[in-house]
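> Pasting the sequence and the predicted coordinates here, then a few questions.
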Amino acid sequence: MPKPKSFTKQAKIKPKKQTSLDTVEDFQAAGVDFEDAAGKWRAGDAAKSVRFFHRAVEMYNQGLRKFPQSIDLAYNKARVQLDLATHPILIDQLQRPLEDALEEALVSHRYALQLDPNNADTLFNASQVLTAIAELKATSEDSETADTEALKVLQEAIELQRGCLSVQERKYQEFLDQEHAGKGQGEAATDQATQIPEPEDGSEPANAVEEEQWFNIVEPVTCDTLIDTVLAQLGTLTTLCSIINSSPGIGPAHVLSWVEELSTDLLQKVQTFSRHQPSRLQEIVLARGNLASATLETGYRYRRIDAETYKRERDAAFELQFDRSVESIIANARSLIAFNSALAEAENGGVQLHSTLRWNALTASIENLKSASAIQGVTQQELATTHILRGDASLYLCAMAFPPVSHQAAVNSATQNAKNAEVYYLNSSRLTRDEEEKDISLLKSAVAQYLQRYSLGQGQDDVGSILTSSPRGQQWATKQLEDMVAENLVSQALF
């Protein structure tokens with residue numbers, strides 16, 4: 001998720017030790033001091049960093065009880081709470097459910113927006129809180145309506161992002177107008193002194209200020225600022241389509257048309273913005289490819305396009321990736337795997353009709369991931385991702401060997417595909433730093449071993465040994481196996 005925005009920063013000069021908290025500036029200074037301390041400890045001692053952030057929030061709370069109309073205090077409080085609820089290092093140190101932390105951050109952002117409805121910072125950050133809430137709801141298993149609720153939250157996030165972009169575009173145009181007017185006036189104005197004159201005797205000026213002072217530094221909106229906001233909105237639209245794709249039928253019939261209309265406008269804008277920032281082109285192209293992949297999948301699942309159109313337009317979207325980075329290659333591989341899943345799950349033809357398209361997509365994804373893992377500078381976590389995705393693609397290939405698909409190439413290589421999957425999952429378990437991902441990889445590796453024996457005709461072994469061997473318990477392992485069946489990674493008939 002993008003980092004919280006901070007277009008308006010508080011600058012501090014001539015600091016002094018606080019002895020009392022009497023003004024907004026006093027509370028602001030004390031809160032920022034706690035934030036500075038938290039930042040210093042973030043990497044070395046996350047728990048200590050969180051404690052300092054909580055002290056900052058409490059300081060802003062104290063200030064708001066005394067000055068409830070302070071926009072700066074309200075904004076800073078909300079921003080810190082967003083950081084606490086979304087930063088990967090800090091989340092692990094939360095002493096309460098993540099959902100509660102996000103909801104608290106949302107309440108604070110709503111309050112800040114009541115004080116200043118057109119604050120671009122607050123609009124953007126509030127949308128990030130909503131997006132995080134939606135993503136959490138979409139992965140929740142506690143409610144049958146979680147996906148529907150996630151869609152509503154995402155739609156609100158998109159509206160806030162649209163409001164943010166509108167404010168930023170207006171401010172950017174004002175900045176350009178002022179810049180143009182300034183050029184026409186020459187340099188005379190810049191020569192006028194604004195400094196406090198020094199007395200001839202060298203003493204301090206009579207109006208010199210020795211106390212701590214605060215003032216706003218309003219950073220101008222730039223093309224980079226606009227691009228950041230558009231990319232965040234494209235990402236939110238991609239997430240919205242992904243949720244619809246995982247639960248077909250939950251979105252209204254018009255949702256795809258709405259997404260396409262909005263994304264077309266955004267892509268036109270970002271193309272204009274990028275003319276001044278060519279270094280952002282690859283980032284833009286990747287976001288466009290991810291969104292295209294998600295919307296095409298939605299279109300196919302809603303029977304608006306056929307499989308051949310889906311494939312052709314998906315391929316075209318990723319052919320535009322002119323920088324073969326690890327991120328773009330992994331994104332393409334994920335898209336190919338999603339293409340396979342859509343064709344396998346949607347009833348847009350017989351299960352055997354598109355088996356060749358699926359086979360080709362999966363083998364292409366494995367080749368892409370292989371090339372990504374060989375790129376110099378690939379991180380350990382990225383390498384783990386390439387292995388777990390190659391394991392998934394290999395299991396999908398193995399699953400195609402069994403009825404009702406029984407694709408001939410898959411039948412001929414079922415044992416080898418299962419063996420490959422086992423190796424990839426084991427590699428992922430050794431490389432990943434995520435403990436749950438490690439356990440998932442080990443469970444999938446055990447399933448791949450089982451499929452090897454099954455494909456060799458060695459009979460249907462007791463699945464109980466797979467379920468009881470998981471360190472997270474049999475209930476967790478059963479749920480993971482059910483998910484694999486639901487995703488068509490393995491056939492339910494085999495268990």
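Good, I have the coordinates.
> Can you show me the strands along the stretch 101-250 of the chain?
213-218 (DSSP state E, counting those that start in this stretch).
> so where's it shaky on pLDDT?
Across the stretch 101-250 of the chain, the ranges flagged by pLDDT under 70 are 141-144, 184-218.
> So which bits of stretch 147-163 are buried?
For stretch 147-163, the neighbour count (16 or more other C-beta atoms under 10 Å) marks 147, 149-151, 153-154, 156-158, 160-163 as buried. No exception for glycine: its C-beta is placed from N, CA and C like everyone else's.
> between those, which is nearest residue 59?
Distances from residue 59 to the buried residues of stretch 147-163, taken as C-beta to C-beta, are shortest for residue 160 (26.8 Å).
> So residue 343 lies in a strand, does it not?
No. Under the criterion used here (DSSP: H, G, I helix; E, B strand; the rest coil), residue 343 is helix, not part of a strand.
> Could you pull up the residues touching it?
Residues near residue 343 by C-beta atoms under 8 Å, 6 or more residues apart in numbering: 300, 307, 354, 357, 358.
> Next, format the buried residues of stretch 147-163 as CSV and append distance to residue 246.
Below are the buried residues of stretch 147-163 laid out as CSV (distance: C-beta to C-beta, whole Å):
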residue, distance to residue 246
147, 7
149, 14
150, 10
151, 11
153, 15
154, 13
156, 20
157, 18
158, 18
160, 24
161, 22
162, 25
163, 28
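> isn't residue 244 right up against residue 252?
No. Using C-beta atoms under 8 Å, residue 244 is not in contact with residue 252; the gap is 9.8 Å.
> of those two, who's got more company?
residue 244 (26 against 10; other C-beta atoms under 10 Å).
> Can you tell me the SS state at the closest residue in space to the more buried one that isn't next to it in sequence?
Excluding the flanking residues, the one nearest residue 244 by C-beta to C-beta, 6 or more residues apart in numbering is residue 251, at 4.3 Å. Three-state call for residue 251 (three-state DSSP): coil.
> residue contacts, residue 251?
Contacts of residue 251 by C-beta under 8 Å, 6+ apart are 151, 244, 298.
> Looking at those residues, which are in helices?
151, 244, 298 (DSSP state H).
> three-state assignment of residue 447?
helix.
> how far away is it from residue 172?
From residue 447 across to residue 172, the span is 53 Å (C-beta to C-beta, to the nearest Å).
> more crowded one of those two?
residue 447 (26 against 17).
> Quick check: that one touching residue 490?
Yes. Using C-beta under 8 Å, residue 447 is in contact with residue 490, at 6.3 Å.
> shared neighbours of these two, which are they?
What both residue 447 and residue 490 touch, as defined by C-beta under 8 Å, 6+ apart, is the set 395, 481, 484.
> pLDDT wise, what is the first one at?
According to the model's per-residue confidence, residue 395 sits at a pLDDT of 97.
> Check the last one too.
Among the per-residue scores, residue 484 holds a pLDDT of 93.
> burial of it, as a residue count?
Residue 484, neighbours per other C-beta under 10 Å, totals 21.
> Quick check: nearest residue in space to it, chain neighbours excluded?
Using C-beta to C-beta, 6+ apart, the closest residue to residue 484 is residue 490 (5.1 Å).
> so who does the one you found touch?
395, 399, 447, 451, 481, 484.
> If we use 7 Å, what do you get?
When contacts are counted by C-beta atoms under 7 Å, 6 or more residues apart in numbering, residue 490 touches 395, 399, 447, 451, 484.
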